[in-house]
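Asker: Kindly generate the corresponding structure for this input.
(one chain, ligands or ions: 2)
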Amino acid sequence: MTDQAESESRRLLGRLRETLAEEGAGQERLDRITQLIASSMQTEVCSVYLFRDAETLELCATEGLRPEAVHQTRMRLGEGLVGRVARDGRVVNEADAPSARGFRFMPEIGEETFPSFCGIPIQRLGETLGVLVVQSRESRALSDDEVYALEVVAMVLAEMTELGAFVGEGEALRARHTLPAMFQGGIGQEGVAEGHVWLHEPRVVVTNPIADNPEVEKARLKEAVERLRVSVDDMLQSVRADGTEADQREVLETYRMFANSRSWLNRMEEDIAAGLSAEAAVEKEQSAARQRLSNVPDAYLRDRLHDLDDLSNRLLRILTGQGNDTGAEMPENPILVARNIGPAELLEFGRGRLKGIVLDQGSVASHATIVARAWAIPLIVHSGAVTEEALNGDHIMVDGDQGIVHLRPDDTVVTAFRDKIAMQAKAQARYAGLRELPAEAKCGSIVALHMNAGLIAELPSLESSGAEGVGLFRTELQFLARPNVPRRGELAAIYARVMDAAGDKPVVFRTLDIGSDKVLPYMKREDEPNPALGWRAIRVGLDKPGVMRMQLQALIRAANGRPLTVMFPFIAQFDEFKTARQQVLDEIARERKLGHVLPSDLKIGAMLETPSLGFAPRQFYEMADFISIGGNDLKQFFFAADRENERVRRRYDTLNVSYLTFIEQIVRRCAETGTPVSFCGEDAGRPIEAMCFAAMGLRTLSMRPASIGPVKHLLRRVNLDEAKSVIDRARGSGIQSVRADVMDWLRTEVA
Ligand code: PEP
Ligand code: MG
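Answerer: Residues are numbered from 1 along each chain as shown. Ligands and ions are numbered 1, 2, ... in the order given. Just a heads-up that it's a prediction; the model follows:
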């Protein structure tokens, strides 16, 4: 940028600031700003369009076009040149607009005599809020310097819009973050909750986008970047010191590279020279990077840009002094809203504090999901951009059953939602009455209902839900939620507390199931083309037996003379089970030699999560003390449909004839060898599915504690023999899923 252009831009921003400081309603201010820009840029027209809703832009102020068109003229995203700028988030600079792609003639606003058009996206943190347009009679494209000056102005407009500086008549000028908004995401954990937003990383607010002394701002930026470098170096040091993993180091090395990048700093210094404050300059470059990010097809590069984004956030927090802790009080009934969150950070909140969780990203099988399940609070993943729209304290309703988030809901939504909550509460009260009763079907068959758990904090649910035991204790969380491998003594203490809490009720401990979606922070992550089909669970345990042996020792010591039940995840063939089982026996022998107390009873089982195990030799079934069907994985491998992929994960019905028949076959094979078999995937907690599994012969189901009531309620009202006949009839008719027939039958049966 030339010196002259720089001082022009600074002058314009200086006047802009004066205008913003003047008294007056939002509309007046915006009008003055458009006049100011038109006169400074020597163009006949300057207009500001802002989003009125996600799809529609509204002309909010203009100098040069017909004043009557203000708040009347609207266009859809992608429509005309303005719509194109908004959709693509990119500048359109045309000397001859009418012949440009996408031009749309709008006689009602009187722009016919202005052939030149330059539209600049008004963006904040990569989010497009509107479009700034200048047009002139002279047919010429603006110079790079002029476009840049307008980008700087657009940046300031974005900040002011965000701060509500223009709140006025038109709908688009309503204060931002005040309208109701609805988001559709994925279901991480079912349930409903009402509360107030608690942002994990509150947005940084920049109240001073324009600065008059560039030297002071450059010095502030320099100092902040220096502090950033030091903090990245410190992080690198500590990662090196504890010898942890290469990919964590790689990320930090990239951070360091960015933090030392001259071109990044140069661009921000240029923005400052043009009149922006240091923080506005950081935001401007962050916005530009985010814009690039959304267009990059390469995942690796996208990750790198994410790194830059993260680094910019850190820099903004240093500059503004706004940490994650803004001093705001956690609201009542907090619902955590975050772009993403790791299990350790989530666990810091402690059970019982959060009422729900909404993640812009996240995934169905992420660690956060495991925690939310453990806490039995609703979780929405892939919710879109809730973090951009929500403010701390906003009223929020989370419908985990449908994957819907209502932010600042209006009265109709509130009423409908509360009705739903009341109905669920009523149902819960009904279920509580069944707590002491068995899940005895009308035919006399009794189904044992156990609960799944992964934290000590969940054990009280054994009592309150009426579960007969813990059918699956996932042991990953103790490994995931810390930076290093836990020590044997720590684990033994945790497992002992789980057994203490369970009292006489049995607990099935599943050995570490990592890999695939569950990656330990300190374990080298292999770059695998298909992690779900890769080196995971028992495969890791057998290839690198150190951790598994340590875990087995911890379990034996925790049992300390009590019965112990151990289960291995993801066994795909007999040999794997034999070897894993032998390891338990070896550890028992070793403990005996060391003179430690041995478990009074030992059961070693396998999870059946791959179809192959359904066809394993009879000897496998004879050797296993029990089998538990891990339906979450089994189903994904049975149908070859990724359980994490929203596009396919619901494509195949659990009540599909082939799947049910396969489950039935497993149950039959277990019956032949007298091997106890249970089902512990999520489907066991869905009443209809649970009933069909029971009809297929399963007599033990393990599920989330909250599902025990609803499942028991249904089981007690049906005759499983009849259910089996309905399924058989439906199967015989050649249909794909028995669901419709089962539902029809249920409607008359339990009406
Ligand atoms: C399963 O796969 O069904 C299971 C219970 O294990 P996880 O969900 O932990 O993979
Ligand atoms: Mg599994």
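Asker: CA only for contacts and neighbour counts going forward, please
Answerer: Noted.
Asker: Pull out the buried residues from stretch 187-197.
Answerer: Buried residues in stretch 187-197, counting neighbours by 16 or more other C-alpha atoms under 10 Å, are found at 187-197.
Asker: Can you tell me, leaving aside adjacent residues, what's nearest to Ile494?
Answerer: Distances taken as C-alpha to C-alpha, 6 or more residues apart in numbering put Ile456 closest to Ile494, at 7.5 Å, once the chain neighbours are dropped.
Asker: before we move on, back to that, is it possible to get JSON lines of the buried residues of stretch 187-197 that adds distance to ligand 1, pLDDT and secondary structure?
Answerer: What follows is the buried residues of stretch 187-197, written out as JSON lines (distance: C-alpha to the nearest ligand atom, whole Å; pLDDT from 0 to 100; DSSP: H, G, I helix; E, B strand; the rest coil):
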{"residue": "Ile187", "distance to ligand 1": "15", "pLDDT": "88", "secondary structure": "strand"}
{"residue": "Gly188", "distance to ligand 1": "12", "pLDDT": "87", "secondary structure": "strand"}
{"residue": "Gln189", "distance to ligand 1": "13", "pLDDT": "88", "secondary structure": "strand"}
{"residue": "Glu190", "distance to ligand 1": "15", "pLDDT": "86", "secondary structure": "coil"}
{"residue": "Gly191", "distance to ligand 1": "18", "pLDDT": "88", "secondary structure": "coil"}
{"residue": "Val192", "distance to ligand 1": "22", "pLDDT": "91", "secondary structure": "strand"}
{"residue": "Ala193", "distance to ligand 1": "24", "pLDDT": "93", "secondary structure": "strand"}
{"residue": "Glu194", "distance to ligand 1": "27", "pLDDT": "95", "secondary structure": "strand"}
{"residue": "Gly195", "distance to ligand 1": "29", "pLDDT": "96", "secondary structure": "strand"}
{"residue": "His196", "distance to ligand 1": "30", "pLDDT": "96", "secondary structure": "strand"}
{"residue": "Val197", "distance to ligand 1": "29", "pLDDT": "96", "secondary structure": "strand"}
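Asker: Pipe those into a markdown table and attach distance to Asp575 per row.
Answerer: Shown next, in a markdown table, are the buried residues of stretch 187-197 (distance: C-alpha to C-alpha, whole Å):
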| residue | distance to Asp575 |
| --- | --- |
| Ile187 | 37 |
| Gly188 | 35 |
| Gln189 | 35 |
| Glu190 | 38 |
| Gly191 | 41 |
| Val192 | 44 |
| Ala193 | 46 |
| Glu194 | 50 |
| Gly195 | 51 |
| His196 | 52 |
| Val197 | 51 |
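Asker: that older thread, please tell me how far the residue nearest to Ile494 sits from Pro599.
Answerer: Look at Ile456 and Pro599: by C-alpha to C-alpha, to the nearest Å, they are 21 Å apart.
Asker: swap in Leu379?
Answerer: Taking C-alpha to C-alpha as the measure, Leu379 falls 38 Å from Pro599.
Asker: In terms of neighbours, single out the busier of those two.
Answerer: Leu379 (36 against 19; other C-alpha atoms under 10 Å).
Asker: Now do the spatially most central residue of the chain, the pLDDT please.
Answerer: Note on the chain: the residue nearest the mean C-alpha position is Gly362, at 2.1 Å, using C-alpha atoms, centre = their mean. On the pLDDT scale, Gly362 is placed at 77.
Asker: And the strands in the stretch 601-750 of the chain?
Answerer: For the stretch 601-750 of the chain, the strands defined by DSSP state E, counting those that start in this stretch cover 602-608, 626-629, 677-679, 700-703.
Asker: Any chance of these in a markdown table with distance to Leu276 and mean pLDDT as columns?
Answerer: Shown next, in a markdown table, are these (distance: least, C-alpha to C-alpha, whole Å; pLDDT from 0 to 100):
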| stretch | distance to Leu276 | mean pLDDT |
| --- | --- | --- |
| strand 602-608 | 60 | 98 |
| strand 626-629 | 61 | 98 |
| strand 677-679 | 61 | 98 |
| strand 700-703 | 56 | 97 |
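Asker: lowest-confidence helix or strand of the protein?
Answerer: helix 246-259 (a mean of 70; mean pLDDT, DSSP states H and E).
Asker: which stretch of helix or strand covers the residue of the chain most remote from its centre?
Answerer: Seen from the C-alpha centroid of the chain, the residue lying at the greatest distance (C-alpha atoms, centre = their mean) is Glu138, 50.0 Å away. Using DSSP states H and E, Glu138 is not contained in any helix or strand.
Asker: Nearest residue to it in space, ignoring adjacent ones along the chain?
Answerer: Nearest to Glu138 is Ser116, by C-alpha to C-alpha, 6+ apart, at 6.7 Å.
Asker: Could you tell me how many residues sit around that neighbour?
Answerer: By other C-alpha under 10 Å, 22 other residues sit near Ser116.
Asker: Also the one 5 residues further on?
Answerer: If you count neighbours by other C-alpha under 10 Å, Pro121 ends up with 30.
Asker: and it, what does it touch?
Answerer: 85-86, 89-91, 128-132, 151, 154 (C-alpha atoms under 8 Å, 6 or more residues apart in numbering).
Asker: which of those residues lies closest to ligand 1?
Answerer: Minimum separation from ligand 1 among those (C-alpha to the nearest ligand atom) is found for Thr128, which lies at 38.5 Å.
Asker: Show the backbone phi and psi for the residue lying closest to that closest one once chain neighbours are set aside.
Answerer: Leaving aside its chain neighbours, Thr128 sits nearest to Ile122 (5.7 Å; criterion: C-alpha to C-alpha, 6+ apart). Geometry field for Ile122 lists phi and psi as phi -90, psi 110, criterion degrees, to the nearest 10.
Asker: so Ile122 makes contact with Leu157?
Answerer: Yes: the pair Ile122 / Leu157 is scored as a contact, 6.9 Å apart, by C-alpha atoms under 8 Å.
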